[in-house]
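> Using only what follows, build the 3D model:
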Amino acid sequence: MPLADRKQILQVAGFDLSADLRNATRYCDDKKVVARIGIGRRGINHDGREEFFVLSQNDCPGGNGKLHAAIVFFDPQTRLYQNMLDRDGQPRIGEQTGTAWPPIDVTDGDRVTGFAFVASDNRYLPRSTIQYRANVALARIPDKTPPGQLPTATWAKPWDRGNLTPGQIAQLFVAAGFRRGPRGWQGCGPGPDIPSDEEMGGPPIADLNGDGNPEVIVHEGNCDGGNNNGSSTILSPMPGGWKKVAADILDTPFYLTTRSRSGWLDFHNGGPGFCHDLYRNEGKGYEAVAQYAETPGGCSGN
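From the prediction side, this is the model:
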C-alpha cells in the first residue's frame, strides 16, 4: 500500500503515522503513543473496489480495553478516503446481494448493534438512528399524558431514541421549549434533536437519579455561528408531563460515575478544550459547581 494512502486511511480512522513512518500512533490523554492496529481489505459490496478495516484496541492507561472497528473507503468523487463506520466492538458483515451494501452487526460485550448503509450520508448508521429519523419526520402532535401518570409509563424497552413514537418525540420537543412551524421543528438554530450515543459518549435516554424512570437529553445545534456545538436540555418525567432539570448546557452532557447526595449523576459539558464545567443536581436542578479537567492540568490555564 502506498505510504500516502496508508497515512490517509489511518488519519480517517483516528490515528497518525509515527515520525519514522513505521507505526500507527494515537493520543492517550495528551501523550502520543504507538497504537496496536490491524488493517484488512475486503470488497464489502462487490463493486470492484476494496474497503479497509482498521481494528484497534483501547490500551491507553485507564482505557476501557475495548476493540474498536473503523471501515474506510475511497470516495471517487472527492478523491479522498472517508470513514463509513466507526464503532467500539467486533463487526460482522451480513448477507450481500449484487452491489448493495450489506447489513453489519457490531458486537460490543453483550450488546449487538445493527447498522445499515444510508446513501444520503454515504456511511453506515445504526438502525435505531434510521428509525428515529423516520419518526422525527412524523412527529407533529405531542402525546398527552393523563394527570398523575408519568409520560414514560408506556415506553418500550430498551430505552432508545429509535423506540420513541412520533407522539413521544413531539412531546419531548415541546417540553424542551420548541415549536413546530411550517418547515418543521424550529428553534434559534437548526432545530431540536435527541443526540446519538456517539455524539455524547453515552446514552441520551438514561435513569440519572436511580428512580427507575429515564431522563432525556434534547439538543439544538449552534445558534450564533461560533465554534461551540450548540446547547442541551435535560428533561425528567413527572406526573402529567416533563420538567427541565438542566437547560442551556453548552454542547452535550458527558456523564460521570459520581453522584450528588440526592442521587443524581454528575456530568461535565462538552465543547472545545480540555477544561469543562462540572454539573451537579442536589434535587433542585443541575448547577455548575466546579471545573472538570479531561486531562491532568487541563484547567490549569483558567
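
> Provide the contact partners of stretch 33-44 at residue level.
When contacts are defined by C-beta atoms under 8 Å, 6 or more residues apart in numbering, stretch 33-44 is touched by residues 1, 6, 9-10, 13, 15, 18, 23-27, 49-57, 59-60, 71, 93, 96, 101-102. (Each C-beta comes from the backbone N, C-alpha and C, glycine too.)

> for that stretch, which positions count as buried?
Taking 16 or more other C-beta atoms under 10 Å as the neighbour-count basis, stretch 33-44 is seen to contain the buried residues 35, 37, 39, 44.

> shaky segments in the chain?
Within the chain, the set of residues satisfying pLDDT under 70 comprises 62-63, 189, 224-228, 272, 301-302.

> Centroid-nearest residue for it?
With distances taken as C-alpha atoms, centre = their mean, the residue of the chain nearest its centroid is residue 198 (1.9 Å).

> you'd agree it is in a strand?
No - the assignment for residue 198, made by DSSP: H, G, I helix; E, B strand; the rest coil, is helix rather than a strand.

> so how far is residue 221 from it?
16 Å (C-beta to C-beta, to the nearest Å).

> Would you map the strands across the stretch 51-200 of the chain?
Under the criterion DSSP state E, counting those that start in this stretch, the stretch 51-200 of the chain contains strands at 51-57, 67-75, 80-88, 90-93, 104-108, 111-118, 123-126, 179-181, 184-186, 192-193.

> Name the stretch among those strands that sits most buried.
Per residue and on average, the most neighbours among the strands of the stretch 51-200 of the chain fall to strand 192-193, with a mean of 24 (mean count of other C-beta atoms under 10 Å).

> So which elements touch that one?
Secondary-structure packing of strand 192-193 (3 or more C-beta pairs under 8 Å, 6 or more residues apart in numbering; DSSP states H and E): strand 215-220.

> How far does the strand it packs on sit from its chain's centre?
12 Å (C-alpha atoms, centre = their mean, to the nearest Å).

> same deal with stretch 280-300?
Stretch 280-300 sits 21 Å away from the centroid of its parent chain (C-alpha atoms, centre = their mean).

> just stretch 44-52 next, same as before
On C-alpha atoms, centre = their mean, the centre of stretch 44-52 falls 27 Å from the chain's centre.

> Next, the contact list for the residue lying closest to residue 274 once chain neighbours are set aside, please.
Taking C-beta to C-beta, 6 or more residues apart in numbering, and ignoring the residues beside it in sequence, residue 274 has residue 298 as its nearest neighbour in space, at 3.3 Å. Under the criterion of C-beta under 8 Å, 6+ apart, the neighbours of residue 298 are 273, 274, 275.

> And the longest helix along the chain, what's buried?
The single longest helix within the chain, with elements called by DSSP state H, is helix 127-138. By neighbour count with 16+ other C-beta under 10 Å, helix 127-138 contains the buried residues 128, 129, 132, 135, 136.
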